[in-house]
Each structure stands twice: as structure tokens, then as C-alpha cells.
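S.K.: coords please:
(chains A and B)
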Amino acid sequence: MSERRYDIITIGTEKAEHIIHEYSDMIYRIAVHNLKNPTDAEDILQEVCLALLTKCPADRGDTFIKHWLIRVTINKCNSFRRQFWQTRRESIDDYLHLAAPEEQGVMDEVLSLPKKERNIIYLYYYEKYTIKEIAAILGMNQNTVSSSLGRARKRLRNILTEGGTHNE
Amino acid sequence: MNENRYTRTVDSIKAPKESVQKMLDAVHSYEKKEKIIHMSTLKKSVIAASLAVAIILTAVFGIPALSPKTNPFTLTVNAAEVTDREFTAIGTLDTIGGDFQTTERSGQVIYTDFFQFNVKVEGSDIDNVLYTLNGGSFGINTEDYGYSKMMYQSDVIASEMEDLDFKGFTCLWLCADSFDATLPEEVRQAVRDWNDHANYKLGQPTLQPDYDDSRFNIADCKKTIYTALLDRLKVDVAITLTDGKTVEKTLVFTCDSVEQETGIATISAKLE
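M.R.: The predicted structure follows:
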């Protein structure tokens, strides 16, 4: 009987470099939204890089890879937080240096939201994904995404003015 | 929401250049391993299947005993061969603990932890391997695709994973609920005590008004909780051979011991 082997085709060096240049800011932003700590977010960058090299399918397009990176980053952040004694109670001031001074109030409010809502706000308003796309990326029900987005908007409404347009 | 202010704010958050350079350095130094995937075998019949469930922290690689094989296959967990003769150490857990969710009003505490094990079945006459999880509350996190899915008891893993990388990284997600009457009271009490120990360490109010941290012992607490969680976990392994016969085994786990000083737990597994 023949023995069957299973091996992996991993992403190439050139493609990995392109992905890092293209998406490192996105990974970092997602990590900051989840962990509220720039040092931890830097650790996540390295972990996602390792996952990119060892686990990212090589034969997929840019859209898939971006969605894959988003999911892996969020999962890495969740794993990071599960190391209980690394859960910190640092002041929000610790990351305020990340934002332009005039926008500090915005990050204060966004980062005070529950983690799930922060991710949805980021994907909806910054990455410009639709609710349907966000549901697919995060593996959530569309109604759940919609209601989480609604709740987040309600919490932010008193602080920020509604504005801009977005495709649903 | 004034998205312009938000997007301007997020725009100003950039990955530090040193971190990006570190990532690029890692890419350059990474040894590319180019191998071949046999595409025809990526569908349902996953042989030598990976339920990649890898232990996060320290792994102990057992050396398989040189004994006559009574099974037409070899099952390994974290590269340690697991047999039906005795429990085999498959690794250690030195994480301090998972997440606690608490409901202050009712006093409910839910402890969630992630145990990751690499389970692999190999053999030259194997046609198919099917894994079924039973017992307890658990889930699977397939990290390769950043895909998180809760799977409950009796779910069949292989068919759920057919669209994923066969070496899909999976993680068993176990929960202990202080309100769960199927758990012995000592386990539920251990969950409450561990949660309050964490609160105490963080200088936060404890849920139990009479909690006394001087009586808390992390090794005993972890042993109680891990033993209960792992005793619930059973993985049914159904191996179909090329001659049509099926061999069925159940993979069971236990927490052997927890070191007093370090809190490191040794986990073992056995086939039944």
C-alpha cells in the first residue's frame, strides 16, 4: 500500500514582503483596538508575521489574504489576552500618543467600547467594509454585526457627530 | 459618528518602523519549505489527519516505546505516541489561566481556557480518519484561517474541517461554570476562588465576601479544575482501513500533576 504524505506550500518571500508593507499598519491598528496597548500590539505584529510565513495559503488572492490577516490578528489578540496575568489595567493615556492630539477624545470613546464593537467600528468606518462583508470576515451573523454596530453608534452619538456616507 | 475624525485618528496610528523591519528580517531569515500538496486528498478522506491541536507553551516529546504494535496505526499527541496500555505524558501547560467572566449580581463565574494539542493518526493502510468530540463544553478554533467556530459535543470534526488546511491548527476551548450543576461543588468552588485570587492580586473587590487569599493554593486549584475539564474531554477516533474495516478508539486526557512552585501542569493521554 502506498504511503501518502501531506505537505504545505507556504507563501513566498517576495509575497510576504509585499503583504507586510501593505498591511502592517492595518494589523497594528487592529491590535491596538483590541489590546489598547502599543507594546502588546507590536508583539502581535511579530506573531501574525510568523503565522503569515507558516500558515497563510500561498495560492489565494489579495482579498482573501486581507480577510485572513484580519481574522488571524483578532485571534492572536484573543490568545494574547487569555494569558491572564498579561491582562493589564493600564490607563487609556498609555496609547494616546498614538493619535493626533486633537483626536484623542475620539480614541477615548472608541476604545471604551466592548472589543467586538471596536472591531466592527474599525472594519466598518475605516476599512469601509459592508455589514455583510464584516459578518463574513468575522464569522458572525449579519444581524449580530448590525445590532453591534447600532449599539456602538448609539454610545458614540453623544460624543461625536454623525456624518459621512457609507454603502450598506 | 463623525467618521472623518475617527479615520483621521486611525490614520495617525502606524506600525513602528522597527517592528516592521523586524517582520521583514524574519521573512528573510525564514527557511522556505516548499513541498507538495496532494490535492486529491484534501477532501473528506483526510488520512494522517491533523486536528492540529498544539500545546501553546511547553511541549514534552515522548519517545514512543519500542513495543509490538497491536494497532494498524499510530496515534500521536504532540509527537508522543499514545497507546491503550497506559497514560502517556503529552506536554505541559504553564499558562497561569484563561479568562474569567463574572456576573457580579448573581455571583456566577465562568472560566475559559484553551488547550491545544496536535493529534495525528498515521499508518500505511489508513483510508480515512474521523474525529468526534464528546463530553463537556468545548469549542474549536481553527487559526489557520482565522476561523473561530464553537463545536459542541458529537460534532464530527473531519467533515467540518474539510475545507480547511489538513494541518489546520485547532484549539480545544474548555469552560468551567460555577453555576454548572454537572460539575462537582469542589470544582465550582475552585473556579470562584481562582477568580477571587485574581481580583485580590489586582487589588479589586472579591466576589465572595469571606474570601481569604492566604488559604489559596494555585497548584491545588489548577489541579482540581484541569482534572475536571480534561476528564470530560473525549475524542472518538474512527479509523477506516483500506480493507474496509474500521477501528474505533477514544482518546482521553488527564491532568497528572501541577507543580507547586511554578503552577506548571503535566497532561497525559491514553486510548480506550
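S.K.: Could you use CA atoms for every contact and neighbour count after this?
M.R.: Fine.
S.K.: Outline the domain layout of chain A.
M.R.: Listed domain ranges for chain A are A:9-91, A:99-160 (source: automatic domain parsing).
S.K.: Report the rounded mean pLDDT for the longest one.
M.R.: Regarding domain A:9-91, the rounded mean pLDDT is 80.
S.K.: Next, residue B:91: secondary structure please.
M.R.: Secondary structure, DSSP: H, G, I helix; E, B strand; the rest coil: residue B:91 is strand.
S.K.: any idea how far the residue nearest to residue A:66 when sequence neighbours are not counted is from residue A:122?
M.R.: Closest residue to residue A:66 apart from its sequence neighbours, by C-alpha to C-alpha, 6 or more residues apart in numbering or on different chains: residue A:23 at 7.7 Å. Distance of residue A:23 to residue A:122, computed by C-alpha to C-alpha, to the nearest Å: 15 Å.
S.K.: In terms of neighbours, single out the busier of the two.
M.R.: residue A:122 (20 against 17; other C-alpha atoms under 10 Å in any protein chain shown).
S.K.: quick one: contacts for that one?
M.R.: Neighbour list for residue A:122: residue A:30 [criterion: C-alpha atoms under 8 Å, 6 or more residues apart in numbering or on different chains].
S.K.: hang on, it is in a helix, isn't it?
M.R.: Yes - counting by three-state DSSP, one finds residue A:122 located in a helix.
S.K.: circling back to that earlier point, is the residue nearest to residue A:66 located within a strand, as I assumed?
M.R.: No - counting by three-state DSSP, residue A:23 is not found in a strand; it is helix.
S.K.: any idea how far it lies from residue A:73?
M.R.: Look at residue A:23 and residue A:73: by C-alpha to C-alpha, they are 11 Å apart.
S.K.: One more: residue A:12?
M.R.: Distance from residue A:12 to residue A:73, counting by C-alpha to C-alpha: 20 Å.
S.K.: Settle it for me: which of those two has more neighbours?
M.R.: Between residue A:12 and residue A:73, counting by other C-alpha under 10 Å, residue A:73 is the more crowded of the two (28 against 14).
S.K.: Quick one: the helices in chain A, in order.
M.R.: Counting by DSSP state H, chain A has these helices, from start to end: A:13-35, A:38-55, A:62-82, A:104-111, A:115-121, A:131-138, A:142-157.
S.K.: Which strands and helices lie in contact with the longest one?
M.R.: Spelled out, that is helix A:13-35. Packing contacts for helix A:13-35, counted by 3 or more C-alpha pairs under 8 Å, 6 or more residues apart in numbering or on different chains; DSSP states H and E, involve helix A:38-55, helix A:62-82, helix A:115-121, helix B:17-29.
S.K.: Please produce TSV containing those, extended by distance to residue B:73.
M.R.: Output for the helices and strands packed on helix A:13-35, formatted as TSV (distance: least, C-alpha to C-alpha, whole Å):
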stretch	distance to residue B:73
helix A:38-55	27
helix A:62-82	33
helix A:115-121	43
helix B:17-29	37
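S.K.: Can you pull out the low-pLDDT segments for the stretch 101-250 of chain B?
M.R.: Residues of the stretch 101-250 of chain B that meet the criterion pLDDT under 70 lie in B:101-105, B:112-118, B:127-174.
S.K.: Please enumerate the helices of it.
M.R.: Assigned by DSSP state H, counting those that start in this stretch, the helices in the stretch 101-250 of chain B fall at B:157-160, B:185-201, B:218-232.
S.K.: Figure out which of the ones you listed is closest to residue B:238.
M.R.: Closest to residue B:238 of these, according to C-alpha to C-alpha: helix B:157-160, at 10.6 Å.
S.K.: circling back: may I see the helices of the stretch 101-250 of chain B organised as TSV, with distance to residue A:65 added?
M.R.: Shown next, in TSV, are the helices of the stretch 101-250 of chain B (distance: least, C-alpha to C-alpha, whole Å):
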stretch	distance to residue A:65
helix B:157-160	22
helix B:185-201	38
helix B:218-232	35
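S.K.: what's the closest of those to residue A:147?
M.R.: Taking those one by one with C-alpha to C-alpha, helix B:157-160 is closest: 27.9 Å.
S.K.: Give me the sheet partners of the longest strand anywhere in chain B and which way each runs.
M.R.: Taking DSSP state E as the criterion, chain B has its longest strand at strand B:246-258. For strand B:246-258, the paired strands and their directions (DSSP bridges) are strand B:234-241 (antiparallel), strand B:265-271 (antiparallel).
S.K.: Let me see the contact set for the residue most central in space within chain A.
M.R.: Nearest to the mean C-alpha position of chain A, by C-alpha atoms, centre = their mean, lies residue A:30 at 3.2 Å. Residue A:30 makes contact with A:70, A:73-74, A:119, A:122, according to C-alpha under 8 Å, 6+ apart.
S.K.: can you rerun that using 10 Å?
M.R.: A:24, A:36, A:41, A:44, A:70-71, A:73-74, A:77, A:118-119, A:122-123, B:10 (C-alpha atoms under 10 Å, 6 or more residues apart in numbering or on different chains).
S.K.: These into CSV, with extra columns for distance to residue A:145?
M.R.: Output for the contacts of residue A:30, formatted as CSV (distance: C-alpha to C-alpha, whole Å):
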residue, distance to residue A:145
A:24, 25
A:36, 22
A:41, 24
A:44, 25
A:70, 16
A:71, 15
A:73, 18
A:74, 16
A:77, 19
A:118, 11
A:119, 10
A:122, 12
A:123, 11
B:10, 21
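S.K.: Now rank those by neighbours and give me the top one.
M.R.: In terms of neighbours by other C-alpha under 10 Å, the contacts of residue A:30 top out with residue A:73 at 28 neighbours.
S.K.: I figured that one was touching residue A:28, is that so?
M.R.: Yes - Residue A:73 is in contact with residue A:28 according to C-alpha atoms under 10 Å; the separation is 8.7 Å.
S.K.: Next, show the common contact partners of those two.
M.R.: Jointly contacting residue A:73 and residue A:28 under the rule C-alpha under 10 Å, 6+ apart are A:34, A:41, A:44-45, A:48.
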